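Participant: Here is my input, please return the structure:
(one chain, ligands or ions: 1)
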Amino acid sequence: VSDNAPPIDKACLAALDEADPLASFRALFDLPEGVVYLDGNSLGPLPKATRARLDEVIGREWGRDLIRSWEANGWMDLPQRVGGKIGRLIGAEPDSTIACDSTSVNLFKALAAALGLRPGRRVIVSERGNFPTDLYVAEGVAALLGAELRQAEPDAIEAALDGSVAALTLSHVNYRSGRMHDMARLTRAAHAAGALMVWDLAHSAGAVPLDLAGCAVDFAVGCGYKFLNGGPGAPGFLYVAPRHHGAAMPLTGWMGHAEPFAFAPAYRPAEGVARALVGTPQVLSLAALEVGVDIALSAEMDAVRAKSVRMAELFAALVERDCAGLGLALASPRDASARGSQVCLRHKRAGAIMRALIERGVIGDFRPPDILRFGLTPLTLRYADLGAATAALAEVARALSG
Ligand SMILES: Cc1ncc(COP(=O)(O)O)c(C=O)c1O
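Facilitator: So this is what the prediction gives:
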C-alpha cells in the first residue's frame, strides 16, 4: 500500500470485492452467516458439493453397489486419481503423486526412502521451528535407521549441509510465522551437497503456485484438509520424483504390492509411486478430498496468489493503522515473496485476544506462546472481511490492554 494510495475504507474494500476475479468461488462453500473465517489454513471450509458427493458415495456406491464399488465405482484408483489432480496443483510430473495416509505418515515414508537412496550418509537436516510432527517424524526415522537429526536456524540451513547429509526436510511455509522458503534455491543447495530434498507443502498446496518438477524436488508431502478443503482428517499426499520411483519404501503393505489381489506370500513392490501405498484406500475421505481438489484446480493459481498477497498487505496495513499502540507486532515477513498465505501477529495476550475474537465470529487461531494466526484463503474470503476482522481485533485488543 503506497503513501498516496486511497484510504482503506469500506468503499475501497467493497470495490476490491466487486472487481475480484475469484469472487464467485465463495458461493461454492457452505459458510455460516456472520463468521469471518480466517482459519482455512488449518481446516478448510465445507464445499457445498461435498455433501452431495458423500451422499452418493454412501447411499449408492456403498449402500447399493457394495463391494463391487472397488472396481465399478473406481474406489481402488482413488489414491492415484486424487493424487494425480493434486500433482497438477503442485507442478508435479504425471503419475508421481498419490493421496493417502496422513502427512506425518507420508513424511516417514519419504524420509526413510531418502535415507535408503543415500547409503553411508546418516544425517537428516531440518529447521528449528519446523512443525512439530516433522521434527518428531525425522527424529523417529533417524533413530530407526541409525541416523541423526540436525536442526538449523532458518537462515543457517545451507550452512548445515555437508557430505554427511542424506536429506534436507523443510516446510515450505512455516506454520507459525508464515515465512516461505525459496524452494528452487534450497533444493539446489541440498543437491549441491549430495543430499535429497523433502518438502512439506501443508501450507502451500492450493495456496501458492508450485513447480516441483521445475525445482527438481525429490519428495514432497502435504495436507488435504487445509487449502485443499478436503475435510477434517482428509488424507494427505506424497510426491515422489519419477527418478526415485524405484526407491524402496519402508512400509510394505499390500496396497503397495505389484498385485495385491494375487495374495502372494512374498512382497513385490508395485511400479511407480503406487509402491508408497500401504493399506486400503480411505474411500469416504478421498471422495470428499476430491471435491475440494477439483475446486482448487478450477481456480487460476496465479489469481489465487495475487489475491492472497494483496489481502496480506491490506490486512497488515489495516492492523498498522487501526491497532497502533495496542501491543501488536507483525510476526510474518513483510516481503510477500517470503510469505505464504497467512499473516501472523505477536501479542503478549494473544490467547485471550483470539478467544475474544472467536466469540465475535472472527475465527483465526492462537499458537503459543504469543502468536495470532490469520489464514488468508482467497477462494472464500472477501476484502470486506479483512476490514471487519481488523476492526474487531482493534476493539478486543483495546479492551484487553485497558
Ligand atoms: C507443516 C505441517 N505438517 C504436517 C501437519 C500435520 O500432519 P498430519 O496431517 O499428519 O496431522 C501440519 C498440521 O497442521 C502442518 O502444519
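
Participant: Would you pull up how far the strand with the most length in the chain lies from the middle of the chain?
Facilitator: When the chain is parsed with DSSP state E, its longest strand is strand 165-171. Mean-position distance between strand 165-171 and its chain equals 18 Å (C-alpha atoms, centre = their mean, to the nearest Å).

Participant: ditto for stretch 196-214
Facilitator: 8 Å.

Participant: Between the two ends of that stretch, how far is it?
Facilitator: Start-to-end span of stretch 196-214 (C-alpha to C-alpha, to the nearest Å) is 15 Å.

Participant: for stretch 159-173, same thing?
Facilitator: Note: stretch 159-173 ends 20 Å apart using C-alpha to C-alpha.

Participant: Which residue ranges of the stretch 151-300 of the chain form helices?
Facilitator: Secondary structure of the stretch 151-300 of the chain (DSSP state H, counting those that start in this stretch): helices at 183-192, 283-298.

Participant: any idea which of the ones you listed is most buried?
Facilitator: Mean neighbour count (mean count of other C-beta atoms under 10 Å) peaks for helix 283-298 among these, with a mean of 22. Every residue, glycine included, has its C-beta placed from N, CA and C.

Participant: So which elements touch that one?
Facilitator: Using 3 or more C-beta pairs under 8 Å, 6 or more residues apart in numbering; DSSP states H and E, the elements in contact with helix 283-298 are strand 46-47, helix 48-56, helix 78-89.

Participant: so what does the helix or strand just after that helix touch, helix or strand wise?
Facilitator: Per DSSP states H and E, the first helix or strand lying C-terminal to helix 283-298 is helix 301-322. Packing partners of helix 301-322 (3+ C-beta pairs under 8 Å, 6+ apart): helix 10-18, strand 329-330, strand 342-346, helix 383-401.

Participant: What residues of helix 301-322 count as buried?
Facilitator: 301, 304-305, 307-312, 314-316, 318-319, 322 (16 or more other C-beta atoms under 10 Å).

Participant: Stretch 228-239 now?
Facilitator: In stretch 228-239, counting by 16+ other C-beta under 10 Å, buried: 228, 229, 230, 231, 234, 235, 236, 237, 238, 239.

Participant: Now do the contacts for the third one.
Facilitator: For residue 230, the set of contacting residues under the criterion of C-beta atoms under 8 Å, 6 or more residues apart in numbering consists of 44, 224, 285, 288, 289, 291, 292, 293.

Participant: The last one too?
Facilitator: For residue 239, the set of contacting residues under the criterion of C-beta under 8 Å, 6+ apart consists of 87, 90, 92, 96, 97, 212, 217, 219, 220, 221, 273.

Participant: what do you get if the cut-off is 6 Å, keeping everything else the same?
Facilitator: Shown in contact with residue 239 (C-beta atoms under 6 Å, 6 or more residues apart in numbering): 92, 96, 97, 212, 220.

Participant: beta partners of it?
Facilitator: Per DSSP bridges, the residues bridged to residue 239 are residue 97, residue 220.

Participant: got the residues of this structure near the ligand?
Facilitator: 102-104, 131, 133-134, 171, 175, 200, 202-203, 223, 236 (C-beta under 6 Å from any ligand atom).

Participant: make it 8 Å
Facilitator: 42, 102-107, 130-131, 133-134, 171, 173-175, 200, 202-203, 221-223, 225-226, 233, 236 (C-beta under 8 Å from any ligand atom).

Participant: for the helices and strands packed on helix 301-322, which one ends up most surrounded?
Facilitator: It is strand 342-346: most buried of the helices and strands packed on helix 301-322 by mean count of other C-beta under 10 Å, with a mean of 25.

Participant: Just give the nearest non-adjacent residue to residue 113, would you?
Facilitator: Spatial nearest neighbour of residue 113, chain neighbours left out: residue 247 (4.5 Å); criterion: C-beta to C-beta, 6 or more residues apart in numbering.

Participant: With residue 31 instead?
Facilitator: Spatial nearest neighbour of residue 31, chain neighbours left out: residue 45 (5.6 Å); criterion: C-beta to C-beta, 6+ apart.

Participant: ok, that neighbour - contacts?
Facilitator: 29, 31, 380.

Participant: pLDDT score assigned to it?
Facilitator: Per-residue pLDDT puts residue 45 at 98.

Participant: same question, residue 220
Facilitator: 99.

Participant: what do you get for residue 9?
Facilitator: So, for residue 9, pLDDT stands at 89.

Participant: Just give the nearest non-adjacent residue to it, would you?
Facilitator: residue 387 (7.9 Å).

Participant: For residue 331, see how far away that neighbour is.
Facilitator: 21 Å (C-beta to C-beta, to the nearest Å).

Participant: re earlier: which stretch among the helices and strands packed on helix 301-322 comes nearest residue 153?
Facilitator: For the helices and strands packed on helix 301-322, proximity to residue 153 was assessed by C-beta to C-beta; strand 342-346 is nearest, at 18.1 Å.

Participant: Skip ahead from that closest one and say which helix or strand is next.
Facilitator: Following strand 342-346 in sequence order, the next helix or strand is helix 350-359 (DSSP H and E).

Participant: For residue 300, which residues are in contact?
Facilitator: Contacts of residue 300 (C-beta under 6 Å, 6+ apart): none.

Participant: Check it and give its pLDDT.
Facilitator: pLDDT at residue 300 comes out at 97.

Participant: on that earlier part again, turn the contacts of residue 45 into JSON lines, columns for distance to residue 116, neighbour count and pLDDT.
Facilitator: Listed next are the contacts of residue 45 as JSON lines, based on distance: C-beta to C-beta, whole Å; neighbours: other C-beta atoms under 10 Å; pLDDT from 0 to 100:
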{"residue": "29", "distance to residue 116": "42", "neighbour count": "21", "pLDDT": "98"}
{"residue": "31", "distance to residue 116": "45", "neighbour count": "16", "pLDDT": "96"}
{"residue": "380", "distance to residue 116": "41", "neighbour count": "20", "pLDDT": "98"}
